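Asks: everything below, folded, please.
(one chain, ligands or ions: 1)
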Amino acid sequence: MRLDWQYETCKCCTREQRVAWTTDNKLWDRVVIDYFKTRTLCLECFLRMADDREITIRLNEIKMVGLVARDKEGK
Ligand SMILES: [Zn+2]
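Replies: Numbering: from 1, shown residues only. Got it, this is the predicted structure:
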C-alpha cells in the first residue's frame, strides 16, 4: 500500500490516474509493450493493451492499492 501516493499521469493516454493499481509482474510483462514496461499506465490503457494481445484480464488479477480522494491541488 503506497500511502504517500498522490497522483500520477498515464504515460499512454496522459490522463491523471486517481486509482493506483497493481498487477502481477508476469502478467504486466505479457500485456505491456516494451516502451511502457517501466512507465505508469492507467487501468484502461492496460486493459486495451491486453485486448490487443487477446489476453483476458480477470478482476482478481488487478489489485487497487490507493486512490486520490481530492483533486491534485487538494481543494
Ligand atoms: Zn491511460
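
Asks: got a pLDDT number for Lys72?
Replies: Listed pLDDT for Lys72 reads 55.

Asks: with Gly66 instead?
Replies: Per the predicted model, pLDDT is 85 at Gly66.

Asks: average pLDDT across the top helix by length along the chain?
Replies: Identified as the longest helix of the chain according to DSSP state H is helix 43-52. Mean pLDDT, computed over helix 43-52, is 97.

Asks: C-terminal to that helix, what's the next element?
Replies: The helix or strand immediately downstream of helix 43-52 is strand 62-67, counting by DSSP states H and E.

Asks: other SSEs contacting that next one?
Replies: strand 19-23 (3 or more CB pairs under 8 Å, 6 or more residues apart in numbering; DSSP states H and E). (Each C-beta comes from the backbone N, C-alpha and C, glycine too.)

Asks: what's the angle between the strand it packs on and helix 43-52?
Replies: 40 degrees (axes from the mean of the first three to the mean of the last three CA atoms, to 10 degrees).

Asks: what helices or strands is the longest helix of the chain leaning on?
Replies: strand 19-23, helix 25-31.

Asks: CSV please, covering those and showing mean pLDDT and distance to the ion.
Replies: Shown next, in CSV, are those (pLDDT from 0 to 100; distance: least, CB to the ion, whole Å):
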stretch, mean pLDDT, distance to the ion
strand 19-23, 93, 11
helix 25-31, 97, 13
